[in-house]
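> Predicted structure and sequence below. I'll ask about it afterward.
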Amino acid sequence: MSNASQSDTTRPGTTVLTGAEIIWATLEGEGVREVFGYPGGAILPAYDALRKFPIRHILVRHEQGAAHMADGYARASGRVGVAIATSGPGATNLVTGIATAMLDSVPIVCITGQVSSKVLGSDAFQEVDITGITLPVTKHNYVVTRAEDVAPTLREAFRVAQSGRPGPVLVDITKDAQQGTAAFDFTAAAPKPYRPHPMLRAESAAITDAAALIRNAKRPLILAGHGIIKSGAYDQVRTLAERMQIPVASTLLGLGAFPATHPLSLGMMGMHGEAWVNHAIQQADLLIACGMRFDDRVTGTLATYAPNAKKIHIEIDPAEINKNVKADIALIGDLRQVLEVLLPHISTVNESPWLRAVNEMKGSASVRDIKNIPDSGHLYAAHVMHDLWRITEGKAVVATDVGQHQMWEAQYYKHNEPRSLITSGGLGTMGFALPSAIGAKVACPEKEVWAIAGDGGFQMTACELSTIAQENLDLNIAIINNGFLGMVRQWQEFFYEKNYASSPILSPDFVKLAEAHGIPGATVTTRKQVEAAVAAARSRKGPFLINFLVEKEDSVYPMIPAGAALHEMIRRPEHDPLLETASDS
Amino acid sequence: MMHTFIALVEDKPGVLTRVASLFRRLNVNIVSLTVGRSERIGVSRMTIVADASPTASHRIMASLYKLENVLDVDDVGQASCVVRELALIKVAATPKTRSHIFELAEVFRARIVDLAPESLMIEITGVESKIEGLLQVLNESEDRILEVSRTGRMVMRRGQHTSRVLDAMRVPATEANQAEEEDPDASTALMAEESGL
Ligand SMILES: Cc1ncc(C[n+]2csc(CCOP(=O)(O)OP(=O)(O)O)c2C)c(N)n1
């Protein structure tokens, strides 16, 4: 808060500032260097004060983008992302982004302007009850009507967003609270310390029981979830897996938590998971669920889910225990802490017949290399993902949208690093890729970032191309263009007799669209062109867009129809030239 | 089945909505809900009776605790406790037909708290079944019930248990609170509770 108006100094560390200044001073104190936002009347006092603070404001083109950017920022870096919007329509435009962060437990703080406290509740111009609207999609939210409450509330919002099971927090600040003045003392505004959920429980008896189950299991499996990334339990999970030679299956959001190229890694489970992973789950006699919540997309029908397995559920949110799948042992707490207590009870084994059996399943169900498939002239999305992975050496941060390409990415781009896949798993929000990639790039400028979107989802937030241009962000965009809302078309093919109702979608020439923003691009129609285009994108400093025109009516395999059992997968037809999935290079 | 939860919550605007919204989201019907001040300044006590599956209790408690404004939750399902409800019942009665209602009130240990030419008002406290019993008898004796107002269930555990609101649980230590804690009796009660945890 280097050069803010310092009108009065009443005691050391205390300065009298306007509420607007206190917003930025508090963000600065919380370590925030970048925010994503869009101005408007009710938040203008804050924007007016921004110039006095060393905070970079990225002007978005739609507030949904601001929330997704804050979300991508948080997922890529582990720091809290911040989105700012004005009252009324600015605030309501945030809602999809907030819900996206809520469902995936991502720590973001959204600040909205609000009409003056004197007219609250009077349907004043651009007044909307945004705390009411966002109540079920925020971890918590606040209305601030006085300048002196700005700092304590914002600081508490940061604490709430990050602690326990993280999530989005919204702070609605009235215009008069921004215009009023108050003494600012960052330290004194510290929130009460985090109170762990009172139902956290991992007693030593449960730990010993869990260790005994693990030691005695013949066919154990680790289910690796997002919680591993949230709690930073990579080493602990890896140690557990390696000591007992336990194969590891990942949820979509767990990808990257355990290195995909590790010999114990099986790949993704669930609706579009690898066949051998789902079979392994059905055959396992013990599931060790680490920071995952048995979402319906990973269990299939619960009646037949993992019928032979005991379940150890390690999870920080007590409300998740026994919600979908009954746990035989629940260890409720921070995953890393729980595993640190558990690991001393786990000895080392050298040999696991079960692991051999699983690897055999893998060997027969997949062909291990799609690199050498003859180039038929057709461009498959799977090829694009595989080639992207190969060319970027698996080191890029990839933000995906929602649909077929998202599943192909998850199957073919092997994530070895945590926080290298940014995707909307819980809400499945189309339009997420481009803005979340922007957030990731702003958070991690040193990283190579790719946004991968379908032709449908890309158009939902394509306006953010302009943000990329204005900020000259060095990120690459891959559009997997199949002329359809692909995943919808696939469901229509499988379950609605190919009645392609409203799934064919017309798109602009994406390369020209990019050019209109001053962003160069290339269109790729055959596999031979992939490498050169990707190389062009990577070598250019600044944004680049590739329009991949892929096979129009390709489907993601395997697929468990909604409501079917995990092992009842629809497999790729034999005559189809493309292989199902590939487990490594 | 019926579950009874006691939730100690911060006394702030919007907290009731958050609690109610949680039950709405879980698609659980709230049968009764009473809210009032507790023994602590700034802390309200809610007694929530909800109709949910036998296994729902854990999830409801865990979800209640996730609300930032909720300080303490108790499921008094199986515990030994005192349960009370208060009801005001207005019955149509003329001077001629009053007397048997007076008798009924006596049997139910209820009180007549208002008398008008055309009606009278009964006040009754007790467990729900007692109140329902009186209502049933009134109905069966063809007295016309004009109005009923019931508070819903209030519950308190018997014996030593105190509501576990500690300063550690983010309750602002107001001056009144501090005074209370300096009171030797109050602080021993607090200690006893802590050691019982
Ligand atoms: C905001 C939103 N609206 C609708 C959907 C439903 N939906 C899921 S996938 C999908 C199709 C996506 O098509 P596209 O973006 O072209 O990607 P593709 O599946 O072809 O890879 C749709 C419409 C959604 N997930 N999100």
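Structure received. Numbers count the residues shown, from 1 in each chain, chains lettered A, B, ... in the order given.

> Next to chain B, which bits of the stretch 201-350 of chain A? Give me the list.
Contact residues, the stretch 201-350 of chain A versus chain B (Cβ under 8 Å from any Cβ of the partner chain): A:317-319, A:321-323. C-beta here means a position set from N, CA and C on the backbone, and glycine is covered the same way.

> domains of the chain?
Because you didn't say which chain, this covers chain A. Domain ranges of chain A: A:15-184, A:205-363, A:370-584, per automatic domain parsing.

> Can you look at chain B instead?
B:1-78, B:82-154, B:162-197.

> Quick check: end-to-end length of the longest one?
Chord length of domain B:1-78, first to last residue, is 12 Å (Cα to Cα, to the nearest Å).

> on that earlier part again, which of the domains of chain B has the lowest mean pLDDT?
Comparing mean pLDDT over the domains of chain B, the weakest stretch is domain B:162-197, at a mean of 38.

> For the ligand, what is the nearest residue in chain B?
Sorted by distance to the ligand under Cβ to the nearest ligand atom, the residues of chain B start with B:R25, at 21.1 Å.

> right, and that residue touches A:A319 too?
No: at 11.3 Å, B:R25 does not count as touching A:A319 under the criterion of Cβ atoms under 8 Å.

> For the ligand, tell me which of the residues of the stretch 201-350 of chain A next to chain B show up nearby.
When Cβ under 6 Å from any ligand atom is applied, no member of those is adjacent to the ligand.

> So which residues on the stretch 451-585 of chain A come close to the ligand?
A:454-457, A:480, A:482, A:484-488.

> List the strands paired with the longest strand seen in chain B, with their directions.
Criterion DSSP state E: the longest strand present in chain B is strand B:81-92. Sheet pairing of strand B:81-92 (DSSP bridges) gives strand B:119-126 (antiparallel), strand B:145-150 (antiparallel), strand B:154-157 (antiparallel).

> so after that strand, what's the next helix or strand?
The helix or strand immediately downstream of strand B:81-92 is helix B:98-107, counting by DSSP states H and E.

> just how off-centre is that next one within its chain?
27 Å (Cα atoms, centre = their mean, to the nearest Å).

> Who are the packing partners of that helix?
Helix B:98-107 is packed against strand B:111-115, strand B:119-126, helix B:128-140, with contacts defined by 3 or more Cβ pairs under 8 Å, 6 or more residues apart in numbering or on different chains; DSSP states H and E.

> which of those is buried the deepest?
Burial of the helices and strands packed on helix B:98-107 is given as mean neighbour count (mean count of other Cβ atoms under 10 Å in any protein chain shown); strand B:119-126 ranks first at a mean of 18.

> Okay, angle between that one and strand B:111-115 too, please.
160 degrees (axes from the mean of the first three to the mean of the last three Cα atoms, to 10 degrees).

> which residues touch strand B:119-126?
Applying Cβ atoms under 8 Å, 6 or more residues apart in numbering or on different chains, the external contacts of strand B:119-126 come out as B:84-93, B:98, B:101, B:105, B:108-115, B:130-131, B:134, B:146.

> Can you tell me which of the residues of the stretch 201-350 of chain A next to chain B are buried?
Neighbour-count burial (16 or more other Cβ atoms under 10 Å in any protein chain shown) is assigned, among those, to A:317-319, A:321-323.

> Can you pull the phi and psi angles for A:N547?
phi -100, psi 100 (degrees, to the nearest 10).

> Would you mind confirming that it is in contact with A:L513?
No: using Cβ under 8 Å, A:N547 is not in contact with A:L513, being 9.2 Å away.

> Those two - which one has more neighbours?
A:N547 (24 against 19; other Cβ atoms under 10 Å in any protein chain shown).

> Can you tell me which residues in chain B are near chain A?
Neighbours of chain A within chain B, by Cβ under 8 Å from any Cβ: B:14, B:17-18, B:21, B:25, B:55, B:58-59, B:61-63, B:65-68, B:72-73, B:168-170.
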